[in-house]
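Participant: With the input below, show me the fold.
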Amino acid sequence: MALLAGIHGPEDLKRLRREQLPELAQEIRDRLIEACSITGGHIGASLGCVELAIALLYEFDSPRDKIVWDVGHQAYAWKLLTGRNDGFASLRQTGGISGFLKRSENPHDQFGAGHAGTAMSAALGMATARDLKGEGHKVVAVVGDGALTCGLSYEGMNNAGHSDRDILLIVNDNGMSISPNVGAISKTLGRLVASPFTNRMRETVKHLTFKAGHVFGERLVEFAKNVEESAKNLFSAGMFFEELGFRYFGPIDGHDVQKLCETLRFVGGLKGPRMVHVLTEKGKGFALAEANKEKWHGLAAYDPETGEPRKKASGPPTWTQLFGEALAGLAAEIPGFVVITAAMPSGTGTGIFQKKWPGRFFDVGIAEGHAVTFAGGLATQGVRPVCAIYSTFLQRAYDNIIHDIAVQQLPVLFCMDRAGLVGEDGQTHMGLYDIAYMLAVPGMTVTAPKDGEELVGLLRAGLAHPGPFCTRYPRDKAPAEPRPAAQIPAVPYGTWEVERKGKDLAILAVGTMVQPALEAAGRLAAEGLEAAVINCRFLKPYDEILLESVVHESKLVVTVEEGTVVNGFGAMLARELQASHPEVRVHCLGVPDRLIDQAPRAEQLERYGLTGAGIAARIVAFHHEESFEAR
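Facilitator: Numbers count the residues shown, from 1 in each chain. As a prediction, the model looks like this:
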């Protein structure tokens, strides 16, 4: 890797001759495949963007020119070329390089991004700031075609296209987001790629336009532009982007680095809103990733020769797998429900349902707000929707949850995967806020299962409930494999469950914290403290009868949840008990009010005291404090 080793920033890259760039691209691919085989990561998308990252840094002047990437998992090659090659072995590790874009990490990361669709709006903001300040640099937004299923991208394009500002949009088109793209825009891009006649016509007319301007002077330039526009309208599906106000160029082979450089140099010298359509292949240069693009979007450490995981799966299945299997099983019994996801059939486990019940499955693309309101429309017509979306992504649809579902009290079941601490994906993907934001929604039922069987029982309860209902579960293995869904009854609505009795204090545990709470109770017993453990599977409405029994028995209550303590379950319960039982002391355990950096999930749980040992230690400290105050 002689070329890559000598590159510590764009200035080193620009010293290379253009004919050396394909060799550099191969070195970068080799580096990515080797490094990600150790750390895991989003390997597929970044392999497809190697030449694009090289060309952008070769032809533009970053960081003076603002290159805004949409979602950082495209940008691993970008990281290698902007001074992070030496530290790349720390990718997604504790204290290491982020798996996404992060402004505090490097001056070339112009805008932090872990969720799709932000680049166009952010880039327009930067271009507007440039013009207000009288500066002259370029602004480029690099948007994956998957993000063109996201409404925010079009809001930005609509505003930018008719602003007449100098801004360049690059659409990285690999036909995928995480899974294959869906919808009309994907088909439009496909038609652009598939029509050689259209492409020849576009290039011919473009050539004539420039030639007319040079030969006949300014008076006929406008006429030439009108000819170009008319021909494009007749022959090009790219007119969609032209009508949005972007001058369209492409499609360009995104793996021909010299052609990319030529195109970017030419288009970069123009003014106004421009769009370059770049064709790439997800997983390019790595046969295993090319053959299974969805699987290799992102995964844990692997053997680069075989593709097999370095750590073989063992023990019970994941929550995600159990959820997908439970939905597929319940569908045979309950014919009236459908499943919706937002570009994540594999990530949410709903791909299992899709294979068995394709007519009842809907992937709406990266469009979480639309997914929720679409579900609401279905619900008005007597169809029961199950909306399966990561906790962190459902944040993007919060207005839709309130305005379109809660206000109308529609029976939509929200299933939030990746709830709680998510490990190596870091700050942008933490599912820490869903308890707090769902508790605030009037009429929303909020639940969390302790294990796989309870997940199935809560799904049954949610499918029978006449209003909005949600449940949450983590990115982890479930405590145990459940019985078949047909053998598991619905959890009685609004009920808690006593897991262990105790007279000295009560631990009110939510979902994933039930097992650690039981372990903590065992440790406390060795300290002479008898702790009751209550499985608070319904957070809202909570079990008022059982809570009354608990506080009658003990005046020290400890809540524990894998979510933010700010406005979470503990905060809600403390408020309720302060009004009804002011003599009861409530201590709330959870994740503190801060952004959580990447680290293994087990390490994060330990760091924030959400293990059996951590909970026990905190309770011993509380109890000693209470005893001291009593004296």
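
Participant: Any stretches of the stretch 501-631 of the chain with poor pLDDT?
Facilitator: Low-confidence regions of the stretch 501-631 of the chain, defined by pLDDT under 70, span residues 626-631.

Participant: Show me where it has its helices.
Facilitator: In the stretch 501-631 of the chain, helices defined by DSSP state H, counting those that start in this stretch lie at 514-526, 544-553, 569-580, 601-607, 612-630, listed in chain order.

Participant: Can you say which of those helices is packed in most?
Facilitator: Ranked by mean neighbour count under mean count of other Cβ atoms under 10 Å, these are led by helix 514-526, which reaches a mean of 21. C-beta here means a position set from N, CA and C on the backbone, and glycine is covered the same way.

Participant: Name the residues that touch that one?
Facilitator: Among residues not part of helix 514-526, those counted as contacts by Cβ atoms under 8 Å, 6 or more residues apart in numbering are 450-451, 479, 499-500, 502, 507, 509, 530-533, 535, 560, 605, 610-616, 619-620.

Participant: tell me the angle that helix makes with helix 612-630.
Facilitator: Our comparison of helix 514-526 with helix 612-630, counting by axes from the mean of the first three to the mean of the last three Cα atoms, to 10 degrees, yields an angle of 50 degrees.

Participant: does Val338 belong to a helix or a strand, and which?
Facilitator: Val338 is located in strand 337-341, with elements delineated by DSSP states H and E.

Participant: Now find how far off-centre that strand is within its chain.
Facilitator: Relative to the centre of its chain, strand 337-341 is centred 19 Å away, using Cα atoms, centre = their mean, to the nearest Å.

Participant: Same question for stretch 104-118.
Facilitator: Using Cα atoms, centre = their mean, the distance from the centre of stretch 104-118 to the centre of the chain it belongs to is 14 Å.

Participant: Mind listing what's buried along it?
Facilitator: The neighbour-count check on stretch 104-118 (16 or more other Cβ atoms under 10 Å) flags 105-106, 108-118 as buried.

Participant: Max pairwise distance over those: which two?
Facilitator: The distance between the two most remote of these (Cβ to Cβ) is 22.1 Å, for Asn106 and Gly117.

Participant: okay but Phe353 is in contact with Gly329, surely?
Facilitator: No - counting by Cβ atoms under 8 Å, no contact exists between Phe353 and Gly329, whose distance comes to 9.5 Å.

Participant: returning to what we had before: could you dump the buried residues of stretch 104-118 into TSV and include secondary structure?
Facilitator: As requested, these are exported to TSV (DSSP: H, G, I helix; E, B strand; the rest coil):
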residue	secondary structure
Glu105	coil
Asn106	coil
His108	coil
Asp109	coil
Gln110	coil
Phe111	coil
Gly112	coil
Ala113	strand
Gly114	coil
His115	coil
Ala116	coil
Gly117	coil
Thr118	coil
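
Participant: Turn those into a markdown table, columns for distance to Asp434.
Facilitator: Compiled in a markdown table, the buried residues of stretch 104-118 are given as follows (distance: Cβ to Cβ, whole Å):
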| residue | distance to Asp434 |
| --- | --- |
| Glu105 | 27 |
| Asn106 | 31 |
| His108 | 33 |
| Asp109 | 27 |
| Gln110 | 29 |
| Phe111 | 25 |
| Gly112 | 21 |
| Ala113 | 21 |
| Gly114 | 16 |
| His115 | 15 |
| Ala116 | 19 |
| Gly117 | 20 |
| Thr118 | 21 |
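
Participant: buried ones in stretch 521-541?
Facilitator: Applying a neighbour-count criterion of 16+ other Cβ under 10 Å, the buried positions in stretch 521-541 are 521, 523-524, 529, 531-540.

Participant: And stretch 351-364, by the same measure?
Facilitator: Burial within stretch 351-364, assessed by neighbour count using 16+ other Cβ under 10 Å, is assigned to Gly351, Ile352, Phe353, Gln354, Trp357, Arg360, Phe361, Phe362, Asp363, Val364.

Participant: So which of the residues you listed belong to helices?
Facilitator: With helices identified by DSSP state H, the entries of the buried residues of stretch 351-364 that belong to them are Gly351, Ile352, Phe353, Gln354.

Participant: from those residues, which is closest to Glu243?
Facilitator: Distances from Glu243 to those, taken by Cβ to Cβ, are shortest for Gln354, at 34.2 Å.

Participant: Quick check: bridge partners of the closest residue to the closest one other than its chain neighbours?
Facilitator: The shortest distance from Gln354 to any residue that is not its chain neighbour, by Cβ to Cβ, 6 or more residues apart in numbering, is 4.2 Å, and that residue is Phe361. For Phe361, the beta-bridge partners under DSSP bridges are Val339.

Participant: ok, Phe361 touching Val339?
Facilitator: Yes - with contact defined as Cβ under 8 Å, Phe361 and Val339 form a contacting pair (5.2 Å).

Participant: Which neighbours do those two have in common?
Facilitator: Residues within reach of Phe361 and of Val339 at once, by Cβ under 8 Å, 6+ apart, are Thr350, Phe353, Gln354.

Participant: okay, those in TSV with pLDDT next?
Facilitator: Rendered in TSV, the data for the shared contacts of Phe361 and Val339 read as follows (pLDDT from 0 to 100):
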residue	pLDDT
Thr350	95
Phe353	96
Gln354	96
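
Participant: okay, the residues you listed in JSON lines with distance to Ala25 next?
Facilitator: Written out in JSON lines, the entries for these read as follows (distance: Cβ to Cβ, whole Å):
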{"residue": "Thr350", "distance to Ala25": "36"}
{"residue": "Phe353", "distance to Ala25": "40"}
{"residue": "Gln354", "distance to Ala25": "36"}
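
Participant: and which of these is nearest Val586?
Facilitator: Minimum separation from Val586 among the shared contacts of Phe361 and Val339 (Cβ to Cβ) is found for Thr350, which lies at 37.7 Å.

Participant: For the closest one, grab the count of nearby residues.
Facilitator: When counting by other Cβ atoms under 10 Å, one arrives at 27 neighbours for Thr350.

Participant: Just list the residues touching it, thanks.
Facilitator: So, once contact is read as Cβ under 8 Å, 6+ apart, Thr350 ends up touching Gly324, Leu327, Val339, Thr341, Met344, Phe361, Ala388.

Participant: and if you look at Leu330?
Facilitator: With Cβ under 8 Å, 6+ apart as the criterion, the residues that contact Leu330 are Phe337, Val456, Leu459, Arg460, Leu463, Ala485.

Participant: Which ones among these map onto helices?
Facilitator: Among those, the members falling in helices (DSSP H) are Val456, Leu459, Arg460, Leu463.

Participant: check contacts around Glu34.
Facilitator: The neighbourhood of Glu34, defined by Cβ under 8 Å, 6+ apart, consists of Pro304.

Participant: Now do it, the pLDDT please.
Facilitator: As predicted, Glu34 sits at a pLDDT of 86.

Participant: Okay, it and Leu91: tell me how far apart.
Facilitator: 12 Å (Cβ to Cβ, to the nearest Å).

Participant: In this structure Asp256 contacts Leu52, no?
Facilitator: No - assessed by Cβ under 8 Å, Asp256 is found out of contact with Leu52, at 10.7 Å.

Participant: Please say which of the two ends up with more neighbours.
Facilitator: Leu52 (27 against 15).

Participant: Was I right to think that one contacts Leu279?
Facilitator: No - in this structure, Leu52 is not within contact of Leu279 by Cβ under 8 Å, at 10.4 Å.

Participant: from the buried residues of stretch 104-118, which single one is nearest Cys150?
Facilitator: Sorting the buried residues of stretch 104-118 by distance to Cys150 puts Gly117 at the head of the list, at 3.3 Å, by Cβ to Cβ.
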